[in-house]
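[1] Pasting a predicted model and its sequence here:
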Amino acid sequence: MKTGQVKKARAKVDISLSKSPGHLFIISAPSGAGKSTLGRAMLDQFPDLLYSISYTTRSPRQGEQNGVDYYFITKDDFENGIACHRWAEWAEVHGNYYGTSADFLDKKLSAGKDILLDIDIQGTRQILTRYPDAITIFIMPPSLEILRQRLEARGTDSPANIAVRLDNARKEMAAKDMYRHIVINDRLPDATAEMINIFENYRS
Ligand code: 5GP
């Protein structure tokens, strides 16, 4: 049996165990695996799905908007948030802090809303201790070699940067078994269809 089939079979059982009225979907992936594209496709496909906008101390990239892509805040504000238990999870990724608002999750889930989180493996581990029913999806490139080719073709990273990203990817992929579903993004239309199928399974 393929990994995907095992994960799907387990997913069916977990639906009945869900305690929260809203569903919490988490997607994680090594950089370059197509996670943002697939996340956007889910938001387009399911208009009532809410995106949890993370808080970060990193600077906005070209075209990114405060309150849309992230809430861009200072390190002091972020650290105050840690002290005040403002984050449902938080992590330091590539030297910057990233966190998810606990208040947003609790309010929206108890109002029956479905939420999409795009967070890393450290954040997923924390969310699962707080929301054990969260539906976790790990998006994988077909291989590390293909990931390398995609990062090179993207042309936004130096060779040294690509080496760091590949090293991170290797580490992140080692944590994939923590996730309930694994989607291999070989052809985007196939991966999109597989994701829609997973979301529909829980939302129906
Ligand atoms: P980027 O800076 O490229 O937008 O994101 C870098 C990494 O941080 C990605 O793997 C992304 O999933 C992760 N990330 C974004 N927001 C959060 C968050 O709120 N919490 C955690 N733990 N990771 C996040």
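    Sure, I can see it.

[2] does any bit of stretch 89-101 sit next to the ligand?
    Yes: counting by CB under 6 Å from any ligand atom, the ligand has neighbours in stretch 89-101: 89, 91, 93, 98-100. Yep, even glycine has a C-beta here, placed from its N, CA and C like the rest.

[3] Sort the residues you listed by pLDDT and name the bottom one.
    Sorting these by pLDDT puts Val93 at the bottom of the list (85).

[4] I'd like to check which residues are in contact with that residue.
    120, 122 (CB atoms under 8 Å, 6 or more residues apart in numbering).

[5] at 7 Å what do you get?
    Each residue near Val93 by CB atoms under 7 Å, 6 or more residues apart in numbering is listed here: Asp120.

[6] What residues are bridge-paired with it?
    Asn96 (DSSP bridges).

[7] what does the protein put close to the ligand?
    54, 58, 89, 91, 93, 98-100, 118-120, 122-123.

[8] could you dump those to TSV with distance to Leu109 and secondary structure?
    Shown next, in TSV, are the residues of the chain next to the ligand (distance: CB to CB, whole Å; DSSP: H, G, I helix; E, B strand; the rest coil):
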residue	distance to Leu109	secondary structure
Ser54	16	coil
Arg58	27	coil
Glu89	14	strand
Ala91	21	strand
Val93	24	strand
Tyr98	20	strand
Gly99	17	strand
Thr100	12	strand
Asp118	17	strand
Ile119	15	coil
Asp120	21	coil
Gln122	21	helix
Gly123	16	helix
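
[9] Report the buried members of those residues.
    54, 89, 91, 93, 98-100, 118-120, 122-123 (16 or more other CB atoms under 10 Å).

[10] rewinding a little: and the residues of stretch 89-101 next to the ligand, which two are furthest apart?
    Val93 and Thr100 (12.6 Å; CB to CB).

[11] how close does Gly99 get to Thr156?
    Per CB to CB, to the nearest Å, Gly99 is found 25 Å from Thr156.

[12] How about Ala102?
    Taking CB to CB, one finds Ala102 at 33 Å from Thr156.

[13] swap in Asp120?
    On the measure of CB to CB, Asp120 and Thr156 end up 19 Å apart.

[14] same deal with Phe46?
    29 Å.

[15] Who has more neighbours out of the two?
    Phe46 (16 against 10; other CB atoms under 10 Å).

[16] what about the helices in the chain?
    Secondary structure of the chain (DSSP state H): helices at 3-17, 35-45, 75-83, 102-110, 121-130, 144-154, 159-173, 188-203.

[17] Out of those, name the one with the poorest average pLDDT.
    helix 3-17 (a mean of 42).

[18] okay, the helices of the chain, which one's buried deepest?
    Mean neighbours per residue, mean count of other CB atoms under 10 Å, is largest over the helices of the chain for helix 121-130, with a mean of 18.

[19] residues making contact with stretch 66-77?
    53-57, 60, 64, 97.

[20] Put together JSON lines for the residues of the chain next to the ligand, with distance to Glu200 on each row.
    Output for these, formatted as JSON lines (distance: CB to CB, whole Å):
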{"residue": "Ser54", "distance to Glu200": "25"}
{"residue": "Arg58", "distance to Glu200": "34"}
{"residue": "Glu89", "distance to Glu200": "26"}
{"residue": "Ala91", "distance to Glu200": "30"}
{"residue": "Val93", "distance to Glu200": "30"}
{"residue": "Tyr98", "distance to Glu200": "29"}
{"residue": "Gly99", "distance to Glu200": "30"}
{"residue": "Thr100", "distance to Glu200": "24"}
{"residue": "Asp118", "distance to Glu200": "19"}
{"residue": "Ile119", "distance to Glu200": "22"}
{"residue": "Asp120", "distance to Glu200": "26"}
{"residue": "Gln122", "distance to Glu200": "29"}
{"residue": "Gly123", "distance to Glu200": "25"}
